[in-house]
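*Asks:* return a 3D structure for these sequence lines:
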Amino acid sequence: MKSFIKNRNNVDLAVLVDEPKDNKLGLVFIAHGQGGIKEQVHIEALKDVFLSKVTV
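*Replies:* Residues are numbered from 1 along each chain as shown. The predicted structure is shown next:
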């Protein structure tokens, strides 16, 4: 789900919120840095690892 949050300078930041299909606990933020985009292959790969492998 794509959403927007405002930073302290009142600038909208685009964020993607993904939830695991089962009831896993935890929260992770993955940031791409100033020169990247949230859809880069390595960012998507990190997301997939956290959604599939992280267990409680």
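
*Asks:* is the closest residue to I30 other than its chain neighbours in a helix, a strand, or coil?
*Replies:* Nearest in space to I30, with sequence neighbours left out and distances taken as C-beta to C-beta, 6 or more residues apart in numbering, is L46 at 5.2 Å. For every residue, glycine as well, the C-beta is placed using N, CA and C. Under DSSP: H, G, I helix; E, B strand; the rest coil, the three-state class of L46 is helix.

*Asks:* do L13 as well
*Replies:* Under three-state DSSP, L13 falls in the strand class.

*Asks:* how about it, what does it touch?
*Replies:* Going by C-beta atoms under 8 Å, 6 or more residues apart in numbering, L13 touches 4-7.

*Asks:* quick revisit: what about the residue nearest to I30, how many neighbours?
*Replies:* L46 has 14 neighbours, counted by other C-beta atoms under 10 Å.

*Asks:* now swap in L51 and tell me
*Replies:* 15.

*Asks:* work out for me the element it sits within.
*Replies:* According to DSSP states H and E, L51 maps onto helix 41-53.

*Asks:* pLDDT on that helix, on average?
*Replies:* Here helix 41-53 scores 83 as its mean pLDDT.

*Asks:* tell me which residues of that helix come out buried.
*Replies:* With burial defined by 16 or more other C-beta atoms under 10 Å, the residues of helix 41-53 counted as buried are 43, 50.
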